[in-house]
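Peer 1: coords please:
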Amino acid sequence: MQAILLAAGYGTRLRPYSTIRPKPLFPVVNEPLLHRLLEQLQVCNCWPVLVNCHHLAAQIEAMLAARPEVLVQFEPEILGTGGALRLALNRMDNDPLLVMNGDLFHDINLEWVYHQHLLSKNDVTLALHDHPRFNTVRVQGDRVVGFGGEGEHLAFTGIHVVDPEVIERIPATGFHHIIDLYQELAAEGRVGYCRVDGSRWQDIGTPEDYLQLHWELLAETSGWVVDPTARIGSGVELAGWGCIGPGAVIGDGVRLCRCVVWDGATVVAGSTFVDAIVTGNPDIDALSRADLGTRP
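Peer 2: Predicted coordinates:
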């Protein structure tokens, strides 16, 4: 089993936060999402694993420096999902590739998805589930027959397995969106799927989604998670749920309610943040309270 983890995107829906940190490095309960995804692949004894990068690539490369077993693919220009896979092909084995988006928090059994592909003899297998907000993949029987249009639809999880011969159809240079190729293959009856309903799955594509994930993980359990290296001033009020990352400094009299405070962030004494991502960047943090709506 081998895998490619896609981490090159701009994270446009997460701006302004993604202007200072690439989306796969957003912390989830104080752990970078990319680290969690790599651990999931490691549990499956997955190798080789390749991570591509473009936007704020130096940050991703710095994190992966501690993982020399992971292949890194720096892309000077954005190549899209298809172009990234095509470029990576020569560095991978001649076996089916598990492909996973770098903005997912999930507990899907990746090894099971991979073996479902092997058993099915599909050229491509998409991991799908019923998620009405994202139900855009049209299915019929055991086939993916299109993307949109009339008929039964399921949601694409961002996890798929593809044979190397399929990737070879992508032009060797330039931008390419893999879904364009899958649309062609679906018309030929060459794309199957496996269902992963019941698994935890949440993308962090927007600030609201990012905070929603933390609410789900924290609200009914520990409430607040504070890294032991964080410095908390006197008279600080932590309400609702949230987390404070490594090396963060919370000034005296600060009030935080339903917040995610990133590692290394400094929160000025007397500040109040509600329903906010607190980055430590003054310009971005000044906007966060206005940008995000009230959460449960």
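
Peer 1: Any stretches of this structure with poor pLDDT?
Peer 2: 220, 288-296 (pLDDT under 70).

Peer 1: Now do the buried residues in the longest strand along it.
Peer 2: The strand that spans the most residues within the chain, counting by DSSP state E, is strand 152-162. For strand 152-162, burial by neighbour count (16 or more other CB atoms under 10 Å) applies to 153-162. From N, CA and C alone the C-beta is placed, and that goes for glycine too.

Peer 1: list the buried ones in stretch 264-274?
Peer 2: 265-267, 271, 273-274.

Peer 1: picking up where we left off before, so what's the gap between the helix or strand that the longest strand of the chain is followed by and the chain middle?
Peer 2: Once strand 152-162 ends, the next helix or strand along the chain (criterion: DSSP states H and E) is helix 164-167. How far helix 164-167 lies from its chain's middle: 24 Å, per CA atoms, centre = their mean, to the nearest Å.

Peer 1: before we move on, the earlier item: of all pairs in the buried residues of stretch 264-274, which one is the farthest apart?
Peer 2: By the measure CB to CB, 266 and 274 form the most distant pair in those, at 18.4 Å.

Peer 1: circling back: what are the C-alpha coordinates of the longest strand of the chain, in CSV please?
Peer 2: Taking Å, rounded to 0.1, in the frame of the first residue of the first chain, the C-alpha atoms of strand 152-162 are listed here in CSV:
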residue,chain,number,x,y,z
GLU,A,152,-28.7,9.2,-6.8
HIS,A,153,-25.8,11.1,-5.4
LEU,A,154,-23.3,10.5,-2.6
ALA,A,155,-20.4,12.7,-1.3
PHE,A,156,-16.8,12.3,-2.1
THR,A,157,-14.6,12.0,1.0
GLY,A,158,-11.4,13.2,-0.7
ILE,A,159,-10.0,9.6,-0.4
HIS,A,160,-9.6,7.5,-3.6
VAL,A,161,-7.5,4.7,-5.0
VAL,A,162,-6.3,4.9,-8.6
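
Peer 1: Work out the gap between it and the centre of the chain.
Peer 2: Using CA atoms, centre = their mean, the offset of strand 152-162 from its chain centre is 15 Å.

Peer 1: residues touching residue 199, list them.
Peer 2: Neighbour list for residue 199: 106-109, 129 [criterion: CB atoms under 8 Å, 6 or more residues apart in numbering].

Peer 1: mind running it again at 6 Å?
Peer 2: 107-108 (CB atoms under 6 Å, 6 or more residues apart in numbering).

Peer 1: Residue 177 reaches residue 83, doesn't it?
Peer 2: No. With contact defined as CB atoms under 6 Å, residue 177 does not count as touching residue 83 (8.4 Å).

Peer 1: Tell me which of those two has more neighbours.
Peer 2: Neighbours per residue (other CB atoms under 10 Å) separate residue 177 from residue 83, with residue 83 holding more: 23 against 14.

Peer 1: Find the helix or strand that that one is a member of.
Peer 2: Residue 83 belongs to helix 80-88, assigned by DSSP H and E.

Peer 1: Just the C-alpha atoms of that helix, please, in PDB.
Peer 2: Only the C-alpha atoms of helix 80-88 are listed here, as PDB (Å, rounded to 0.1, in the frame of the first residue of the first chain):
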ATOM      1  CA  GLY A  80      -3.900  20.700  -9.400                       C
ATOM      2  CA  THR A  81      -4.700  17.200  -8.200                       C
ATOM      3  CA  GLY A  82      -4.100  15.500 -11.500                       C
ATOM      4  CA  GLY A  83      -0.900  17.300 -12.300                       C
ATOM      5  CA  ALA A  84       0.500  16.600  -8.900                       C
ATOM      6  CA  LEU A  85      -0.200  12.800  -9.200                       C
ATOM      7  CA  ARG A  86       1.300  12.800 -12.700                       C
ATOM      8  CA  LEU A  87       4.500  14.400 -11.400                       C
ATOM      9  CA  ALA A  88       4.700  12.000  -8.500                       C
END
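
Peer 1: Contacts for that helix next, please.
Peer 2: Contacts of helix 80-88 (CB under 6 Å, 6+ apart): 4, 50, 52, 73, 167, 170, 175-178, 181.

Peer 1: ok and that helix relative to strand 152-162, angle-wise?
Peer 2: 20 degrees (axes from the mean of the first three to the mean of the last three CA atoms, to 10 degrees).
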